[in-house]
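Engineer: what shape does this take:
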Amino acid sequence: MKTTDNVSRRLWLAKGLLWGCILCLAGQAQAVDLKTYYVKANGKRGAELKTAMYQTIHSHTNIGYDGLLEAYHESDRRADGKLRDWYSNATNYVIGGPAENHAYKKEGDGYNREHLVPQSWFGSGEMKSDLVQVVPTDGYVNNRRGNYPLGENDGGTYQSINGYCKLGACTYPGFTGQCFEPNDEIKGDIARVYFYVLACYENLHPNWTSGSAGQVFDGQKYPGLKSWALKMFLKWAKQDPVDDVERARNEVVYAKQKNRNPFVDYPSLCEYVWGDSIAYAFDVTQPHGQTGYDPGDNPDNPDNPDNPDNPDNPDNPDNPDNPDNPEATSGTIDFAKLIWTSATHPTYGEGFTATANGLTISYYKATSTVTPISVESAGGHIRFYDKSVFMIEGAEILGVTFYDNGGSKSDCSILIDGRDYTFDADKKITWTGSMRPFVCTASKQIRMSTMDVVVRKSGDEDALSPNFMSPVAGPTAVFDSHGRYVGSTIPRQRGVYVIRQAGKIYKIAK
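Structural biologist: Numbers count the residues shown, from 1 in each chain. Here you go, the predicted model:
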């Protein structure tokens, strides 16, 4: 994606460094106990979790439209004292100076207030002056954005100085209209603003369906966004994680408005509401929502240094709590031949479990309100009901193919690593990736007789390259340390990644 040349990039990074005095004040300001503040969200998941956040953050102080300009002195001050411009890395505005609300003919003439969710979509009301979603931007670039949806494009219509922001035909799957693309360095911030809006204004966003708003919002309380937009924002949030600049701004918001952006406080919250963790109950006492959550290696964090291997378990260095079964094999699993026993999972609830190909196959209800899974081996199939969870344990799973035997609902799908998969013309759902254990969730009734599974055997380990630092050539699929797909290129942030390319697997720590 197109950031900038090295000089302008270094300039922006320097400008984007957190203002030391604000960090200090923000650290002192967070007297709020997050687990108490967000207590209504504890134990919730999916739509219920989103509503719990609405009940927590919706009621807040309206600082007024003019109050935004005053707030920017604290919320968006760069290390050099100038304004942090969300849409340009080529401006040096004095906050509150003559450039404030100045008329513009080109980029750099003046700055104004940008509604990341355009005001033409929601009208008036307190959202017009919500500091979380109204940010300072160059007036000219803001005008070029207009009320186009946010997206990804090649800049065919317009590019700001240094190519920092772009306007053009959307290249992200699911939408082809004109869209405005912010820079990679700010995409995660903006995604978390949209997640905040979906939670804070849950009572309003189902009404945002006219004009270009209907290209982004789905008119429903949950999930709230069109599928393409939701997947894109989840990707942005993952590729541009929360940093100290966002955390400090969140503290200023709390001091001004008396509410917070929970998606900044809990960087993985979006996954529990819409993503790959919707089957898990959210724990407000944990920074990532679960006791066992591993955010991956971060050599810049002294509390979580690089440690990709665990020498205490040489047979399975990366996952001592979920060891591989050396007898696990790839192949077809015939559900009619399995012997099922009742089982209860601490998170997913009641279900059934069986063994096949050296693997443990399990189905769980996920919530107490979901109809129990129906295991009908005599009929040669199983029925995987809405919101039920399917799990494969015993090996690293590299591929799964589900076969519809003709009894599945027409609009059913399976949610895997944050993406919905539907049956193709051959009545198959095929997933490839890297996941251990493999976990997915059903939408509507799915009836299957057989399933193909591909596992990684220990003999494949000679393909691993722990010091691989540059992008590999050719078609690739990159997964994070949890097996979640992150794209076709290695993310900029440090961590442990698994790369699948041309039938080989590479593991890197960067």
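Engineer: so which bits of the longest helix anywhere in the chain are buried?
Structural biologist: Taking DSSP state H as the criterion, the chain has its longest helix at helix 184-200. For helix 184-200, burial by neighbour count (16 or more other Cβ atoms under 10 Å) applies to 185-200. For glycine as for every other residue, the C-beta is placed from the backbone atoms N, C-alpha and C.
Engineer: just checking, Arg260 touches Arg249?
Structural biologist: No - using Cβ atoms under 8 Å, Arg260 is not in contact with Arg249; the gap is 10.7 Å.
Engineer: need the overlap of contacts for the two.
Structural biologist: Common neighbours of Arg260 and Arg249, using Cβ atoms under 8 Å, 6 or more residues apart in numbering, do not exist here.
Engineer: could you find the closest non-adjacent residue to Thr441?
Structural biologist: Leaving aside its sequence neighbours, Thr441 sits nearest to Leu415 (Cβ to Cβ, 6 or more residues apart in numbering; 4.4 Å).
Engineer: got the CA positions of the helix or strand hosting that neighbour in PDB?
Structural biologist: Using DSSP states H and E, Leu415 maps to strand 413-416. Extracted in PDB, the C-alpha atoms of strand 413-416 (Å, rounded to 0.1, in the frame of the first residue of the first chain):
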ATOM      1  CA  SER A 413     -22.500 -20.400   6.000                       C
ATOM      2  CA  ILE A 414     -19.500 -21.300   8.200                       C
ATOM      3  CA  LEU A 415     -17.500 -18.600  10.000                       C
ATOM      4  CA  ILE A 416     -13.800 -19.400  10.000                       C
END
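Engineer: need the contact partners of that strand.
Structural biologist: Strand 413-416 has contacts (Cβ under 8 Å, 6+ apart) with 276, 278, 390, 400, 402, 420-422, 429, 431, 433, 440-444, 446.
Engineer: again, only using 10 Å
Structural biologist: 274-276, 278-279, 384, 387, 389-390, 400, 402, 419-423, 429, 431, 433, 435, 438-444, 446, 483-485 (Cβ atoms under 10 Å, 6 or more residues apart in numbering).
Engineer: who are the packing partners of the longest helix of the chain?
Structural biologist: Helices and strands touching helix 184-200, by 3 or more Cβ pairs under 10 Å, 6 or more residues apart in numbering; DSSP states H and E, are helix 6-16, helix 46-57, strand 134-138, helix 227-239, helix 244-257, helix 262-265, helix 269-273.
Engineer: returning to what we had before: which ones among the contacts of strand 413-416 are found in strands?
Structural biologist: Among the contacts of strand 413-416, the members found in strands (DSSP state E) are 384, 389-390, 400, 402, 419-421, 429, 431, 433, 435, 438-443, 446, 485.
Engineer: domains of the chain?
Structural biologist: The record's domain parsing of the chain by automatic domain parsing lists 6-273, 331-456, 459-509.
Engineer: weakest of those by average pLDDT?
Structural biologist: Ranked by mean pLDDT, the domains of the chain bottom out at domain 459-509, with a mean of 56.
Engineer: before we move on, back to that, PyMOL command to pick out the buried ones of the contacts of strand 413-416?
Structural biologist: Remark: buried members of those, expressed as a PyMOL selection using 16+ other Cβ under 10 Å:
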select buried, resi 274+275+276+278+279+384+387+389+390+400+402+419+421+423+429+431+433+435+438+439+440+441+442+443+446+483+484+485
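Engineer: on that earlier part again, dump the domains of the chain into TSV; add distance to Gly289 as well.
Structural biologist: TSV is the format used below for the domains of the chain (distance: least, Cβ to Cβ, whole Å):
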stretch	distance to Gly289
domain 6-273	5
domain 331-456	12
domain 459-509	13
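Engineer: what's the closest of those domains to Pro287?
Structural biologist: Smallest distance to Pro287 across these (Cβ to Cβ): 6.7 Å, for domain 6-273.
Engineer: ok so, going back, tabulate the helices and strands packed on helix 184-200 (a markdown table), appending mean neighbour count.
Structural biologist: Converted to a markdown table, the helices and strands packed on helix 184-200 look like this (neighbours: other Cβ atoms under 10 Å):
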| stretch | mean neighbour count |
| --- | --- |
| helix 6-16 | 14 |
| helix 46-57 | 20 |
| strand 134-138 | 26 |
| helix 227-239 | 22 |
| helix 244-257 | 21 |
| helix 262-265 | 24 |
| helix 269-273 | 26 |
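Engineer: helix/strand/coil for Ala169?
Structural biologist: Under DSSP: H, G, I helix; E, B strand; the rest coil, Ala169 falls in the strand class.
Engineer: tell me the bridge partners for it.
Structural biologist: Beta bridges link Ala169 to Gln178, judged by DSSP bridges.
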